[in-house]
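Asks: what's the 3D shape of this:
(one chain, ligands or ions: 1)
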Amino acid sequence: MDTRAEEPDGLFALPEGARVSRRRRAAPRRSQPTDVYVPLPDPVLEPQRATAAAVPGPPLSGMEEVGTGLLDRLDMMQRVAASASPGPLLISAGPGTGKTHTLAHRLAYLVADLGTPARECVAVTRTPRAAAEFRGLLERLLGERAEGVTVAPLAELAGAEPWRHVFADDLHDYTAAEYEVLCGLDGEFVYVTGDADQALGEDGPGLLERFTEGHVDTRVVRLTRNYRSLETILAAASLLVSPVGVARSRLLQPCRRATTGQPAVQRYAAADPAEEQGVMEELIGKLGRLGVPAAAIGVLWLDAARPVAGATSLPLREAVGREFRVVVVPGVDASSVPMTTAGRRRLFVALSRARDLAYLTHTGPVSPLLAEIDTGLVRVYGHVPGGERQMQQPRLL
Ligand SMILES: Nc1ncnc2c1ncn2[C@@H]1O[C@H](COP(=O)(O)OP(=O)(O)OP(=O)(O)O)[C@@H](O)[C@H]1O
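Replies: Below is the predicted model:
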């Protein structure tokens, strides 16, 4: 990074509304005599995402006869997973590719199309919230028949009667001890999903491998189409994790392209924590006035979560498996997000929760990981030190 103090020059095109501020040296980062202050623009929202039916998918030629219509809205590989022949199944795929969606369809397919009694099925989740969401998916697919299926967090299931069909989502989020409990459920058929690159705990990355080693005839299905995030968010998230990606040959194809022209990933460099909080509150207020409900705005904390009015505020760890229209990640400083595998996975998980907009804010020097993302993918606002001026230059993607 060029750390020389320079005045803005002709190479640096200031966005509309930008001001040059001569700031006092407050923090180490402020060693530049001149910061460029670029206010965060008002959020511009993408039109609400397309319905499943409207998302163009690969042709399903040769697969029309699978099921009785229940699987019609799945893409080809999702259908392969949902209708796979009996036996252990691992859906190993990146964020937003529909692992949860497909697992629910598999369960519904077994019950509705293959006549499996609902009471023989148990869906294991990580949290009560995930259980409620999974049950909602099943109810939409199975109607009243969903009532017969047990859907519960792992902790509530230990020691219960064995089920014949065990469905477990997000295996990467388990600890080794929890995995043992899951194995203890002793289902005849086990179907799991996971993404080693999203593991926030130590044990997670190895558990997918452990599953395939423990079930030698496991069918592994990979899903590649991301239905959640705008293309630029997905590109930024993927760049972060690619150097340490466990799923090396992973392919993540975006289904959603931005239409508003607004950069989907925005970083705000605040002068101090009070400004960081103020900017976040102002942003959330604007989003609220645009009609975005608190449930669709996720403030994901890398450390202890603090309450935030108008948004869903939670520690990153609890955001695994969830999605939000807008994600805000405070504290993306070099000290909290170092250039480590764990740091990469944390930002990967955080960014990949976002559908339309992702905001990364910080007060001290920004995490060095962000230097790896093409500057055309992340626009920088706030107090931009002189050495980061090039970040403001428009880039062709
Ligand atoms: N075939 C599809 N067509 C349209 N939308 C889909 C399709 N499959 C999944 N989706 C949507 O994509 C989003 C992501 O799906 P889901 O949460 O199941 O992904 P996931 O792989 O479990 O993600 P994560 O790993 O982040 O938990 C959801 O909003 C879901 O409704």
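
Asks: Tyr179 contacts Leu171, doesn't it?
Replies: Yes: in terms of C-beta atoms under 8 Å, Tyr179 counts as a neighbour of Leu171; the distance is 7.5 Å. To be clear about C-beta, it is placed using only N, CA and C from the backbone, and glycine gets the same treatment.

Asks: residues that sit against both of these two, list them.
Replies: A shared contact of Tyr179 and Leu171, defined by C-beta atoms under 8 Å, 6 or more residues apart in numbering, is any residue touching both; here these are Leu207.

Asks: of those two, which one has the most company?
Replies: Between Tyr179 and Leu171, counted using other C-beta atoms under 10 Å, the more crowded position is Leu171 (26 against 21).

Asks: what sits closest to that one if chain neighbours are left out?
Replies: Nearest non-adjacent residue to Leu171, counting by C-beta to C-beta, 6 or more residues apart in numbering: Gly194, 3.6 Å away.

Asks: state the number of residues packed around that neighbour.
Replies: 25.

Asks: tell me the SS of Leu182?
Replies: In terms of secondary structure, Leu182 is helix; the call rests on DSSP: H, G, I helix; E, B strand; the rest coil.

Asks: and what of the one 5 residues further on?
Replies: Judged by three-state DSSP, the three-state class of Gly187 is coil.

Asks: rewinding a little: right, and the residue nearest to Leu171 touches Leu90 too?
Replies: Yes: applying C-beta under 8 Å as the test, Gly194 and Leu90 come out as touching, 7.0 Å apart.

Asks: mutual contacts of those two, please.
Replies: For the pair Gly194 and Leu90, residues contacting each of them under the criterion C-beta under 8 Å, 6+ apart are 171, 208, 211.

Asks: ok, and which of those residues reach the ligand?
Replies: Near the ligand, judged by C-beta under 6 Å from any ligand atom, there are no entries from those.

Asks: residue contacts, the nearest residue to Arg322 once chain neighbours are set aside?
Replies: Counting by C-beta to C-beta, 6+ apart, Arg322 lies nearest to Arg353, which is 6.0 Å off, once chain neighbours are set aside. Taking C-beta under 8 Å, 6+ apart as the criterion, Arg353 is in contact with 95, 298, 300, 319, 322-324, 327.

Asks: just those residues that are near the ligand?
Replies: Residues of the contacts of Arg353 in contact with the ligand (C-beta under 6 Å from any ligand atom): 95, 323.

Asks: export stretch 184-195 as PDB, just CAs?
Replies: Taking C-alpha atoms only, stretch 184-195 is exported to PDB below (Å, rounded to 0.1, in the frame of the first residue of the first chain):
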ATOM      1  CA  GLY A 184     -26.200 -42.100  18.000                       C
ATOM      2  CA  LEU A 185     -29.600 -41.400  16.500                       C
ATOM      3  CA  ASP A 186     -28.800 -44.600  14.600                       C
ATOM      4  CA  GLY A 187     -30.900 -44.000  11.500                       C
ATOM      5  CA  GLU A 188     -31.000 -46.600   8.800                       C
ATOM      6  CA  PHE A 189     -30.600 -43.900   6.200                       C
ATOM      7  CA  VAL A 190     -28.800 -40.600   6.900                       C
ATOM      8  CA  TYR A 191     -28.900 -37.600   4.700                       C
ATOM      9  CA  VAL A 192     -26.700 -34.600   5.500                       C
ATOM     10  CA  THR A 193     -25.700 -31.200   4.100                       C
ATOM     11  CA  GLY A 194     -22.500 -29.200   4.700                       C
ATOM     12  CA  ASP A 195     -19.900 -26.900   3.500                       C
END
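
Asks: and the closest residue to Pro95 other than its chain neighbours, what does it touch?
Replies: In this structure, Pro95 finds its nearest non-sequential neighbour in Ser352, 3.7 Å apart by C-beta to C-beta, 6+ apart. The neighbours of Ser352, taking C-beta under 8 Å, 6+ apart as the test, are 94-96, 198, 228-229, 233-234, 237.

Asks: please flag which of those sit within strands.
Replies: Residues of the contacts of Ser352 located in strands (DSSP state E): 228-229.

Asks: please enumerate the strands of the stretch 51-200 of the chain.
Replies: In the stretch 51-200 of the chain, the segments counted as strands under DSSP state E, counting those that start in this stretch are 89-92, 121-125, 150-153, 165-168, 189-194.

Asks: nearest to Cys183, out of those strands?
Replies: Proximity of those to Cys183 was assessed by C-beta to C-beta; the nearest stretch is strand 189-194, lying at 8.5 Å.

Asks: packing partners of that closest one?
Replies: Packed against strand 189-194 by the contact rule (3 or more C-beta pairs under 8 Å, 6 or more residues apart in numbering; DSSP states H and E) you find strand 89-92, helix 99-112, strand 165-168, helix 204-214.

Asks: paired strands for that strand, with orientation please.
Replies: Taking DSSP bridges as the criterion, strand 189-194 forms sheet pairs with strand 89-92 (parallel), strand 165-168 (parallel).

Asks: do you know which of those strands lies nearest Leu110?
Replies: Leu110 sits nearest to strand 165-168 of all those, at 6.4 Å, using C-beta to C-beta.

Asks: that closest one vs the ligand: in contact?
Replies: No: counting by C-beta under 6 Å from any ligand atom, the ligand has no neighbours in strand 165-168; the shortest distance is 12.4 Å.

Asks: which one of the strands of the stretch 51-200 of the chain lies closest to Thr218?
Replies: Of all these, the one in closest proximity to Thr218, counting by C-beta to C-beta, is strand 89-92 (5.4 Å).

Asks: quick one: contacts of the closest one?
Replies: Taking contacts as C-beta under 8 Å, 6+ apart, the residues outside strand 89-92 that touch it are 81, 99, 102-103, 106, 171, 190-196, 208, 211-212, 218-223, 247.

Asks: brilliant, that's me finished.
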